[in-house]
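Chemist: Kindly return the folded structure for what I paste below:
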Amino acid sequence: MAVLLGRKGSKQIVGKNTMEVLGRPICHYSILAALNSAYVRDVYVTTDDDLIMAEARRFDLDVIERPANLCTDEALFETALLHGYREAVQRRGSVPDYVVILMCNVMTITSGYIDLAIDALENDSAADSAVTVTQFNMYSPLRARKVDDFGYLQPFVPFEVFGDPATLNCDRGSQGDVLVANMSHSVSRSAALEHMDEGLLPQKWMGRKILPIFQDFGCDLDASWQIAASVSWARDNGFSDTTTPYDTEVHGGG
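Modeler: Numbering: from 1, shown residues only. Now for the predicted structure:
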């Protein structure tokens, strides 16, 4: 089962979920990935946005109208996800093995990444989830800073957290690879959502035992510079203004 989330009222990139990029609304990238997965059979879209609803219905997807209290800037993604998950389970009449969690503001996703995640979970019964990650050693926590009361930069995390400060250096890989959950997708077992309070921060729906699905780049769109990067990724992965990597029969279904 896949649950696709998106709401109206985005401020950094106005209308990003249905903005047309490379010949299609951005929400189509996640929809197409779910529909072309070898595993996904049921796709639910939870939103308050009439435009997203219209796009979902073009693909005959099941639309969940998100309550207003879950559509504010203060509402947590995980709360909206849990609402959508529970409503989807009620509608389908059974609890799925896996929940593919997608967002309407993501271009960097294909069905292949969904299938890799489910294959990984099939092969590791102890894992709670499998999520896309990108290596960003240049953004190591060792390099993170914050401004103190006097306007000077200080370590965001005390250096002692990384071990003996005398052994630290400026090499971006000196602390090992920095893997960021890039939010292209996450695939969780239903149990991880049912017991979300036990999950690791900040994305508690991933549970505690999280498998990495490596991706050279990925992001959910929150800043304009990410659009150009996502377009480059999409072109490299078979998308153009007129074609997609799925220009064959769709495997999944709404």
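Chemist: you'd agree residue 240 is up against residue 231?
Modeler: No. Under the criterion of C-beta atoms under 8 Å, residue 240 makes no contact with residue 231, lying 10.4 Å away. C-beta: built from backbone N, CA, C; applies to glycine.
Chemist: Comparing those two, which shows the higher neighbour count?
Modeler: Higher neighbour count among residue 240 and residue 231: residue 231, with 15 against 10, using other C-beta atoms under 10 Å.
Chemist: which residues are in contact with both of residue 240 and residue 231?
Modeler: Here residue 240 and residue 231 share the contacting residues residue 22, scored by C-beta atoms under 8 Å, 6 or more residues apart in numbering.
Chemist: can you tell me how far the residue lying closest to residue 1 once chain neighbours are set aside sits from residue 240?
Modeler: Spatial nearest neighbour of residue 1, excluding adjacent residues (C-beta to C-beta, 6 or more residues apart in numbering): residue 96 at 3.9 Å. According to C-beta to C-beta, to the nearest Å, residue 96 and residue 240 sit 33 Å apart.
Chemist: Centre-most residue in this structure?
Modeler: residue 183 (2.8 Å; C-alpha atoms, centre = their mean).
Chemist: that's a strand at that residue, yeah?
Modeler: Yes. Judged by DSSP: H, G, I helix; E, B strand; the rest coil, residue 183 forms part of a strand.
Chemist: Please list all residues in contact with it.
Modeler: Residue 183 neighbours (C-beta under 8 Å, 6+ apart): 103, 106, 132, 218-220.
Chemist: one more time with 6 Å
Modeler: By C-beta atoms under 6 Å, 6 or more residues apart in numbering, residue 183 lies in contact with residue 220.
Chemist: Kindly report the same for the one 3 residues further on.
Modeler: For residue 186, the contact set (C-beta under 6 Å, 6+ apart) comprises 101, 129, 131, 206.
Chemist: Looking at these, which are in helices?
Modeler: Applying DSSP state H to the contacts of residue 186, no entry is found in helices.
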